[in-house]
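Enquirer: Sequence below, structure please.
(2 chains)
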Protein chains: 2
Amino acid sequence: MTAALLAIDWGTTNRRVHVLDAAGNVLETVCDAMGLMMVPSGDFAREVAGIRARHGDVPVLLAGMVGSARGWVNVPYRPCPVGIEDLARSLHWIEPDRTAIVPGVCDPAGDVMRGEEVQILGAVAGNLVPDHGLLCQPGTHCKWAHVHGARLVEFATAMTGELFALLKSHSLLADFLHGTVADGPSFQAGVRDAMDGHLTTRLFRVRAAALLGQRAIEDSAAYTSGLLIGHDVWGQTLGPGQSVYLLADPQLGALYASAIRLAGGLPMLIDSQAAFVAGINHIWKASQR
Amino acid sequence: MTAALLAIDWGTTNRRVHVLDAAGNVLETVCDAMGLMMVPSGDFAREVAGIRARHGDVPVLLAGMVGSARGWVNVPYRPCPVGIEDLARSLHWIEPDRTAIVPGVCDPAGDVMRGEEVQILGAVAGNLVPDHGLLCQPGTHCKWAHVHGARLVEFATAMTGELFALLKSHSLLADFLHGTVADGPSFQAGVRDAMDGHLTTRLFRVRAAALLGQRAIEDSAAYTSGLLIGHDVWGQTLGPGQSVYLLADPQLGALYASAIRLAGGLPMLIDSQAAFVAGINHIWKASQR
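Expert: Residues are numbered from 1 along each chain as shown, chains lettered A, B, ... in the order given. Next up, the predicted model:
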């Protein structure tokens, strides 16, 4: 099979190139650390030319922070509610019918995303999730997205992953956060403690509990991760048995799944790569109509 | 008047020496940046000898992080509930009747303090606050202390100030937090938004609101401070008109007072220096009985 479309998920630190055939199947995926920060300013055109030289001289559809002020072109956000057709109509064409950037989405309540919208709407378009429900994309900035009638209607972003990294690198807790983070009794204790919403006092007690011998230092990182992910899940006030569709890598997905279960929800792990590819395929097809 | 007692509030970054007469009046207060981090290891005895040489060869009572593992001696915490008499009985004597460290206090629920206990119990002993109520000591780590029958019965610490500093120095929000922090519409909007407890999503929206032109970048620091202090106050679930006794410097005191008012409480600003001096005087007297 030969390449028909190159779908590029281009973020700040990482880049993922999916080579797709005419039917939308993935022929090859190449991940590297050529995020925006590694691209000498203005050289996006040359980078894309290089990708075409390697994978085929075919149309290129880009999504993610490449469409931000720090990227190739600062493409305006498309406000919610938004569906596949809306994104297709709002593509920023760098070369007509050949190279385009998918716009990010904003929630008029005051939130923004770039790249996640392709996964979210792709998960629906690719029948990986129903056309109505709550999706979660854990990460440095965790997205919680409500889909209704196959459109992204509202979303919120939590700084969960970034806060954990800040605490681990620069805070008074830093010396206590070298342990392994995995699902287990310490992580789950953190999630349970997070269910009253009192984040900043709970965080201080991580250190206090270690000083008082109430928790082993090696368990503190898992507990703290449980507190932060628990706060994130608590903020969604899940109904009993409410499904949450998780677009995540296996490790982070397992932590969120555990926290969602403890909060009374029903986590469903979805393949985020497959969702992205389905999203790009549907956007591309809609743009060609 | 001549010095009768030297009361030293010795923290990690600052040191405050109060020279007291026999009646407990302050003759002189000297503040400097000779916190623990500036004292070459093991040199506390020489530092104290220097203070005596400058202010008088009289008893010295120390409080604060000087009694921690990073300080002169790691003095065990005294568990709540705790009163002036309990602290006086638990002094760690370095030289009998001449040099002692006031122990820190722990809450068996998993919290610790060193130094704040002198202010809290001193505020009560000095009749600056009633012997029953809620006290708040804003700062890098904000303490909320419940006093009952003139004893400290329970407390919680929030990482409020430290989180603001982390966000300002190292986070994705850093570029947005250069504005002035003062009480006003932006600070109060942050406090109001904090009243649903959803801290991590609200924090991300600081950046999003600036990107979307919904809030001026110069107002973002005050708003973020409002979010963090608001979360702190929200965590206390104040009753309508509930008094909160604030032991704070005027600037931080004004911010907390505003947030407490917005949360329905009644803030009362108390002189924290006077509370510390009253605390040390009462502890010293009780130790001499």
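
Enquirer: Quick one: residues contacting the residue lying farthest from the centre of chain A.
Expert: Computed with C-alpha atoms, centre = their mean, the residue of chain A farthest from its C-alpha average is residue A:212, at 37.6 Å. Counting by C-beta atoms under 8 Å, 6 or more residues apart in numbering or on different chains, residue A:212 touches B:77, B:106, B:110, B:112. All C-beta spots, glycine's among them, are computed from the backbone N, C-alpha and C.

Enquirer: List, out of those, those positioned next to chain A.
Expert: Among those, proximity to chain A is found for B:77, B:106, B:110, B:112 (C-beta under 8 Å from any C-beta of the partner chain).

Enquirer: you'd agree the third one is up against residue A:205?
Expert: Yes - using C-beta atoms under 8 Å, residue B:110 and residue A:205 qualify as a contacting pair, with a distance of 4.6 Å.

Enquirer: So which bits of the stretch 1-150 of chain A are right by chain B?
Expert: Close to chain B, as judged by C-beta under 8 Å from any C-beta, the stretch 1-150 of chain A has residues A:77, A:106, A:110-112, A:141, A:144.

Enquirer: would a markdown table of these with pLDDT, neighbour count and secondary structure be doable?
Expert: Shown next, in a markdown table, are the residues of the stretch 1-150 of chain A next to chain B (pLDDT from 0 to 100; neighbours: other C-beta atoms under 10 Å in any protein chain shown; DSSP: H, G, I helix; E, B strand; the rest coil):
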| residue | pLDDT | neighbour count | secondary structure |
| --- | --- | --- | --- |
| A:77 | 97 | 24 | coil |
| A:106 | 98 | 22 | strand |
| A:110 | 95 | 22 | coil |
| A:111 | 97 | 26 | strand |
| A:112 | 97 | 21 | strand |
| A:141 | 95 | 21 | coil |
| A:144 | 98 | 21 | strand |
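
Enquirer: residues contacting residue A:162?
Expert: Residue A:162 neighbours (C-beta under 8 Å, 6+ apart): A:140-141, B:171-172.

Enquirer: nope, residue A:161 is what I meant
Expert: Applying C-beta under 8 Å, 6+ apart, the residues near residue A:161 are A:138-142.

Enquirer: at 7 Å instead, please
Expert: A:139-142 (C-beta atoms under 7 Å, 6 or more residues apart in numbering or on different chains).

Enquirer: Residue A:64 too?
Expert: A:9-11, A:114-115.

Enquirer: what separates it from residue A:80, distance-wise?
Expert: 18 Å (C-beta to C-beta, to the nearest Å).

Enquirer: Same check on residue A:249?
Expert: Taken as C-beta to C-beta, the span from residue A:249 to residue A:80 is 26 Å.

Enquirer: In terms of neighbours, single out the busier of the two.
Expert: residue A:80 (21 against 11; other C-beta atoms under 10 Å in any protein chain shown).

Enquirer: Give me the nearest residue to that one, chain neighbours excluded.
Expert: residue A:107 (5.1 Å; C-beta to C-beta, 6 or more residues apart in numbering or on different chains).

Enquirer: Check residue A:13 too.
Expert: residue A:35 (4.0 Å).

Enquirer: With residue A:157 instead?
Expert: Going by C-beta to C-beta, 6+ apart, residue A:157 has residue B:204 as its nearest residue, at 4.2 Å.

Enquirer: List the contacts of that neighbour.
Expert: Residues in contact with residue B:204 (C-beta under 7 Å, 6+ apart) are A:141, A:157-159.

Enquirer: at 8 Å instead, please
Expert: A:111, A:141, A:156-159.

Enquirer: Could you do residue A:112 as well?
Expert: So residue A:112 contacts A:77, A:104-106, A:157, B:208, B:211-212 (C-beta under 8 Å, 6+ apart).

Enquirer: the domain parsing of chain A - what is it?
Expert: Listed domain ranges for chain A are A:5-128, A:158-270 (source: automatic domain parsing).

Enquirer: most packed of those domains?
Expert: Among those, ranked by average contacts under mean count of other C-beta atoms under 10 Å in any protein chain shown, first place goes to domain A:158-270 (a mean of 20).

Enquirer: what about it, distance to the chain center?
Expert: Domain A:158-270 has its C-alpha centroid displaced from the chain centroid by 18 Å (C-alpha atoms, centre = their mean, to the nearest Å).

Enquirer: Give me the mean pLDDT for it.
Expert: The average pLDDT for domain A:158-270 rounds to 97.

Enquirer: Check stretch A:54-71 too.
Expert: Mean predicted confidence for stretch A:54-71 is 96.

Enquirer: start to end distance for it?
Expert: Start-to-end span of stretch A:54-71 (C-alpha to C-alpha, to the nearest Å) is 22 Å.

Enquirer: Ok, stretch A:32-46 next?
Expert: 17 Å.

Enquirer: Likewise for stretch A:259-268?
Expert: So stretch A:259-268: terminal residues 12 Å apart, C-alpha to C-alpha.

Enquirer: burial measure for residue A:148, as a count.
Expert: 12.

Enquirer: If it is in a bridge, with which residues?
Expert: Counting by DSSP bridges, residue A:148 is bridged to residue A:151.

Enquirer: quick one: which of the contacts of residue A:161 is most hemmed in?
Expert: Of the contacts of residue A:161, with other C-beta under 10 Å as the count, residue A:142 tops at 26 neighbours.

Enquirer: so what's it bridging to?
Expert: Applying DSSP bridges, one finds that residue A:142 bridges with residue A:158.

Enquirer: quick one: it from residue B:140, how far?
Expert: Distance from residue A:142 to residue B:140, by C-beta to C-beta: 27 Å.

Enquirer: How about residue A:3?
Expert: Distance from residue A:3 to residue B:140, counting by C-beta to C-beta: 56 Å.

Enquirer: Run through the strands of the stretch 51-200 of chain A in chain order.
Expert: Per DSSP state E, counting those that start in this stretch, the stretch 51-200 of chain A carries strands over the ranges A:60-63, A:78-79, A:92-95, A:99-101, A:105-107, A:111-113, A:133-137, A:142-148, A:151-158.

Enquirer: Since that was my last question, I'll sign off now.
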